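S.K.: Based on what follows, work out the 3D shape:
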Amino acid sequence: MGRPVKVTVIGAGSVQFSIGVVKDLCLTENLAGSHVTLMDIDEERLETIHKLAERYVKELGGSLTFDRTTDRRRALQDADFVINTAGKERMPREGRRALFEKYGRVAGNFHVGYMYNMALMLDIARDVEAVCPDAWLIQSGNPVREGVPLVTRETGVKIIGLCHGHYGYINVAKTLGLDPDKVSWTAPGLNHCIWLTDFRYEGEDAYPILDRWIENEAEAYWRDREANRDKYGLEDQMSRMVIDQYRKFGLLPIGDTTRGGGWWYKTDIDTRVFWYGPYGGFGSELHREPWHASLAKRLEEIHEVTSDPSRSVLEAFPPVKTREQQIPIIDALTNDVAGLFQINVPNQGALPGVPDHVVTELPVIIDKAGLHRIQLDPLPNKLMLEVIQPHILGIEWGVEAYVTGDAEMLVDALLMLNAYDHGGPTATSHAQARGFIEELLALPDEQDWAGQFSWRQPSWAHVLKRPAQ
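M.R.: You can find the predicted model right below:
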């Protein structure tokens, strides 16, 4: 017999995500009778998702109940689980856009722009610690890779970080002509940097199938993508870059990892198109507009349903469980329905060569007793040296910069952390990096996070000011 819980969704105005949570709760019998508190600072979007959720439960005949609020602490009262999908990056930040035009997208693989989300994540975690300290916090918005370690070290909150990247195995399977439901896989690493260490089809090693595809079909596949890009959409899971990384390290990168690779894949748009496909990879000038257009189209479709009471919500959102992990994890922890999940938590010895305190993306068994990490085989040493260790450095650098408020660390990061770059060109001079950070930290609409940073004078700084003898 299951037990109902109280689930609080922070950032519930994300209609597409929130309706998925509602669907999964409705379709999980063990959690029947649960209560959901929807919290967002956008009252209009909050009201929309609240009405949509109630319509969905009514049509389905479910037993969930809802309330909504713009008050975060009120939302957290008596919560058993808190799902945080809130993110300030969705808000307009015109000052930052102007700086990108002036200096170029200098941030590269060091996400200075995520600092303001780290502030929000930490504030939410501290509220959880104060209001509902026994609740689990399920972090479902970026930056998981920097935010989860920040929360684990600055609070005592029980936190699990989630990402979608591991579902890249589905695209791999479909491209190879395999049934994804017959695929088993393991893909450890760091958030946005995971590698397919075990890949099986019907229990047999599937890497030979990939090898044959590369030898016999890959070039034709890439040429067809270039000629018919709309047929394939924005996906780049099986791009030339991904296969080149497989050649280099012996393991296939999946999910958001495919956005990465060295700077040499991104020197100009023609190079990007060759390596990543006709849209030049995630974040390129060819990719950004259709990406935002696809999101806008989906939101418009959702709005059409929510604004028309005569429309069937079940037809628009069929009652089939999503692949999201939030509700199955809640069921596992509450009702002992053990399952294997891909989550981000401190390593604690699971992946050899990664320090215990570093938040790692791992396969973990979850049941009522908690989290049980699976002991993994080491990643190839070349991969550890060229990719994993530089990524760990970037994560730790970002967390340390945020905790200490040391602005100089942000400048140094732009100049040095570019070994495995997810973004565009990094800073090309100290003046460029320093100018970008100085102006960013001075922007009025960034002071919710930037105000904690300062330029430090070392203890020996007076030596530089001594008059010449």
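S.K.: What count of nearby residues applies to residue 148?
M.R.: Residues near residue 148, counting by other CB atoms under 10 Å, number 28. In short, each C-beta sits where N, CA and C put it, glycine included.
S.K.: Can you name the helix or strand that residue 97 falls in?
M.R.: helix 94-103 (DSSP states H and E).
S.K.: now residue 170
M.R.: helix 168-175.
S.K.: quick one: buried residues of the helix holding residue 97?
M.R.: 96, 99, 103 (16 or more other CB atoms under 10 Å).
S.K.: What is the neighbour count of the nearest residue in space to residue 70 that is not next to it in sequence?
M.R.: In space, and not counting its chain neighbours, residue 70 is closest to residue 41: 5.6 Å by CB to CB, 6 or more residues apart in numbering. For residue 41, the count of nearby residues is 14 (other CB under 10 Å).
S.K.: before we move on, what about residue 299?
M.R.: Residue 299, neighbours per other CB under 10 Å, totals 14.
S.K.: Render the CA-only coordinates of the strand or helix carrying residue 314 in CSV, please.
M.R.: Following DSSP H and E, one finds residue 314 within helix 313-316. Extracted as CSV, the C-alpha positions of helix 313-316 are listed here (Å, rounded to 0.1, in the frame of the first residue of the first chain):
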residue,chain,number,x,y,z
VAL,A,313,-6.2,18.0,-21.8
LEU,A,314,-5.8,14.3,-22.1
GLU,A,315,-5.8,14.5,-25.9
ALA,A,316,-3.1,17.1,-25.7
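S.K.: Give me the helices and strands touching it, please.
M.R.: Applying 3 or more CB pairs under 8 Å, 6 or more residues apart in numbering; DSSP states H and E, one finds that helix 313-316 contacts helix 43-60, helix 285-306.
S.K.: I'd like those written out as a markdown table, with mean pLDDT added.
M.R.: Putting the helices and strands packed on helix 313-316 into a markdown table (pLDDT from 0 to 100) gives the following:
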| stretch | mean pLDDT |
| --- | --- |
| helix 43-60 | 90 |
| helix 285-306 | 81 |
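S.K.: Please identify the most buried of those.
M.R.: Mean neighbour count (mean count of other CB atoms under 10 Å) peaks for helix 43-60 among these, with a mean of 18.
S.K.: Let me see the backbone angles for residue 370.
M.R.: phi 120, psi -140 (degrees, to the nearest 10).
S.K.: can you check the one 3 residues further on too?
M.R.: Backbone geometry at residue 373, expressed as degrees, to the nearest 10, gives phi -70, psi 150.
S.K.: So that it lines up with my notes, have the first residue be 58 from now on.
M.R.: Sure, I'll start numbering at 58, so the last one becomes residue 430.
S.K.: For it, report the pLDDT, please.
M.R.: According to the prediction, residue 430 has pLDDT 98.
S.K.: dump the residue contacts of the nearest residue to it once chain neighbours are set aside.
M.R.: Once flanking residues are discounted, residue 430 sits nearest to residue 407: 4.0 Å by CB to CB, 6+ apart. Listed by CB atoms under 8 Å, 6 or more residues apart in numbering, the contact set of residue 407 reads 245, 417, 419, 430-433.
S.K.: Residue 98 should be in a helix, yeah?
M.R.: No. Assessed with DSSP: H, G, I helix; E, B strand; the rest coil, residue 98 is coil; it does not lie in a helix.
S.K.: now it: how far from residue 69?
M.R.: 10 Å (CB to CB, to the nearest Å).
S.K.: what's the answer for residue 462, then?
M.R.: 31 Å.
S.K.: Tell me which of these two has more neighbours.
M.R.: A count of neighbours by other CB under 10 Å puts residue 69 above the other of residue 462 and residue 69, at 30 against 13.
S.K.: Let me see the contact set for that one.
M.R.: Residue 69 is in contact with 75, 95-97, 103, 106, 125, 142, counting by CB under 8 Å, 6+ apart.
S.K.: at 7 Å instead, please
M.R.: The contact partners of residue 69, taken as CB atoms under 7 Å, 6 or more residues apart in numbering, are 75, 95-97, 103, 106.
S.K.: Need those residues in TSV (columns: distance to residue 340).
M.R.: Listed next are those as TSV, based on distance: CB to CB, whole Å:
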residue	distance to residue 340
75	26
95	31
96	30
97	27
103	30
106	28
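S.K.: Report how many residues lie close to the closest residue in space to residue 425 that isn't next to it in sequence.
M.R.: With sequence-adjacent residues excluded and distances taken as CB to CB, 6+ apart, residue 425 is closest to residue 393, at 3.8 Å. Neighbours of residue 393 under the rule other CB under 10 Å: 13.
S.K.: Would you mind measuring from residue 393 to residue 80?
M.R.: 23 Å.
S.K.: do the same with residue 412
M.R.: According to CB to CB, residue 412 stands 38 Å off from residue 80.
S.K.: ditto for residue 174
M.R.: According to CB to CB, residue 174 and residue 80 sit 26 Å apart.
S.K.: more crowded one of these two?
M.R.: Neighbour totals were compared for residue 174 and residue 80, and residue 80 leads with 25 against 21 (other CB under 10 Å).
S.K.: contacting residues around stretch 219-237?
M.R.: For stretch 219-237, using CB under 7 Å, 6+ apart, the contacting residues are 195-197, 201, 240, 242, 244, 248-249, 251, 253, 258, 266-267, 270, 292, 294-295, 309, 311-315, 380, 382-383, 399-401, 418.
S.K.: from the residues you listed, which would you call buried?
M.R.: The buried subset of these - by 16+ other CB under 10 Å - is 195-197, 201, 240, 242, 244, 248-249, 251, 253, 258, 266-267, 270, 292, 294-295, 309, 311-315, 382-383, 399-401, 418.
S.K.: residues in contact with residue 504?
M.R.: Per CB under 7 Å, 6+ apart, neighbours of residue 504: none.
S.K.: Same question for the helix or strand harbouring it: list its buried residues.
M.R.: Using DSSP H and E, residue 504 sits in helix 504-507. Using 16+ other CB under 10 Å as the test for burial, helix 504-507 gives 506-507.
S.K.: For it, give the mean pLDDT please.
M.R.: 87.
S.K.: For that helix, C-alpha coordinates in PDB please.
M.R.: Included here for helix 504-507 are C-alpha records, laid out as PDB according to Å, rounded to 0.1, in the frame of the first residue of the first chain:
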ATOM      1  CA  GLN A 504      23.400  42.700  -8.400                       C
ATOM      2  CA  ASP A 505      21.400  39.900  -7.000                       C
ATOM      3  CA  TRP A 506      24.500  37.700  -7.400                       C
ATOM      4  CA  ALA A 507      27.300  40.000  -8.600                       C
END
